[in-house]
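Undergrad: return a 3D structure for these sequence lines:
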Amino acid sequence: MVPEQAADIRLAWPEVGEDELAEVREVIGTGQLTMGPKVAEFESLLAGATGTSHAVAVSSGTAALHVAVLALGIGPGDEVLVPAYTFPATANVVALAGARPVLVDVDPVTMNIDPEDCARRVTGRTKAVLAVHLFGRPARLEELPDVPVLEDAAGALGASHRGRPCGSLGLLACFSFHPRKIVTTGEGGAVTTDDAEIAESIRSLRHHGWSPSAAYVDMPAPAFNYRLSDVLAALGIPQLRRLDTLLAERERVAAGYAERLAHLDVTLPQADAGDRHGLQAYVVQVDRRDEVMAGLRSEGVGCQIGTYALHRLGAYRDQGGFPGADAAFERALALPLHGRLAEADLDRVAAALDKLVSPH
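TA: Residues are numbered from 1 along each chain as shown. Below is the predicted model:
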């Protein structure tokens, strides 16, 4: 793997500025840096954006996945179906709950979970499928087997499938607010759901096990400190307010790439007809990916692999072959994607890519 180097054209740039500074200053001025009103405001905006009744903010996307798995009562002896091509946290949280993550192959074009392979791997121990909207492309959840669906919507805020927002499609959903996401709190995450009991459980799990319905005076079981601070929630509030604008900027960049790269031997990202892609990353597929990635970096273009084929990692090597995940891993390449990219930047990226993938 080629190490990432400093680039003239950065891979990502968080969309933060004066509005975010003003919100953070407000929190600092109150002296209430955590467990204050900003988390509740952030949650209300997120619930509105996802069309759900409840949004519960936590300290990271991984924390969101962890408490979501636990809230479903998943533990030792259980199995959860997980795509073989995803960031490892998706499988790790299942293992950390004491359950078994069962890898499922992905469609090599969409890079999302393969419903047919998913159905083949259902057993009597299967408690859920953890379906990822990879890089923001909505997964076809309606094609999955009839087991509870937990959406890993870490990169899909603002995306929609068949007219419904990602985050409202499964029993519950998890988001990340890492700096490469469309809305960032630096580190942070959230769970969204329409199920009041699940929301209650998530709020308890993030706060040491204290019971919200008992006004946090009783602690029925021990749990975690996965709270999000008001400082970080404040950072995300202005971005949630302008979510449509932020996604439109990413769509501008994506359209610019599509126009410039259409003639190249490159597979471009796209959502199903009628869906809206969340564009957490602009991930193309190319042959000789590592060679192309090294060439782009030598031209000052920030780029990175898409994500990981889990069965190639030591923790998950015992589950057989996954040709779709192999193909996705070997070909996926993330190009620069953020609102600061000018047309000249897109021209540079396209010209550099042209030299690397076109026959000479």
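
Undergrad: neighbours of the residue nearest to Val39 when sequence neighbours are not counted, just the number please.
TA: Nearest in space to Val39, with sequence neighbours left out and distances taken as Cβ to Cβ, 6 or more residues apart in numbering, is Ala233 at 4.5 Å. All C-beta atoms are positioned from the backbone trio N, CA, C, and that covers glycine. Look at Ala233: counted by other Cβ atoms under 10 Å, it has 30 neighbours.

Undergrad: show the pLDDT at Ala233.
TA: pLDDT recorded at Ala233 is 98.

Undergrad: can you tell me the SS state at it?
TA: helix (DSSP: H, G, I helix; E, B strand; the rest coil).

Undergrad: same question, Val102
TA: strand.

Undergrad: can you check Asp146 too?
TA: Following three-state DSSP, Asp146 is assigned to coil.

Undergrad: check the gap between it and Asp290 for me.
TA: 40 Å (Cβ to Cβ, to the nearest Å).

Undergrad: same thing with Val231?
TA: In terms of Cβ to Cβ, Val231 sits 39 Å off from Asp290.

Undergrad: higher neighbour count, Asp146 and Asp290?
TA: Higher neighbour count among Asp146 and Asp290: Asp290, with 12 against 8, using other Cβ under 10 Å.

Undergrad: what mean pLDDT does the lengthiest strand in the chain get?
TA: As assigned by DSSP state E, the longest strand anywhere in the chain is strand 126-132. Averaged over strand 126-132, pLDDT sits at 98.

Undergrad: please apply the same query to stretch 87-102.
TA: 98.

Undergrad: chain center to it, what's the gap?
TA: In terms of Cα atoms, centre = their mean, to the nearest Å, the centre of stretch 87-102 is found 16 Å from the chain centre.

Undergrad: name the element the nearest residue to Thr50 once chain neighbours are set aside belongs to?
TA: Take Thr50 and drop its neighbours on the chain: the residue closest to it by Cβ to Cβ, 6+ apart is Gly167, 3.5 Å away. Applying DSSP states H and E as the criterion places Gly167 outside every helix and strand.

Undergrad: can you give me the neighbour number for Gly17?
TA: Neighbours of Gly17 using other Cβ under 10 Å come to 10.

Undergrad: give me the domain ranges for this protein.
TA: According to automatic domain parsing, the chain comprises the domains 18-241, 243-357.

Undergrad: returning to what we had before: correct me if wrong: the residue nearest to Thr50 contacts Thr192.
TA: Yes. Between Gly167 and Thr192 there is a contact at 4.6 Å, judged by Cβ atoms under 8 Å.

Undergrad: shared neighbours of these two, anything?
TA: Common neighbours of Gly167 and Thr192, counting by Cβ atoms under 8 Å, 6 or more residues apart in numbering, are Thr50, Thr52, Ala153, Ala173, Phe175.

Undergrad: quick one: which of these sit in helices?
TA: Mapping those onto helices (DSSP state H) picks out Thr50.

Undergrad: next step: the shared contacts of Gly167 and Thr192 restricted to strands.
TA: Ala173, Phe175.

Undergrad: top of the shared contacts of Gly167 and Thr192 by neighbour count?
TA: Using other Cβ under 10 Å as the neighbour criterion, Ala153 leads those with 34 neighbours.
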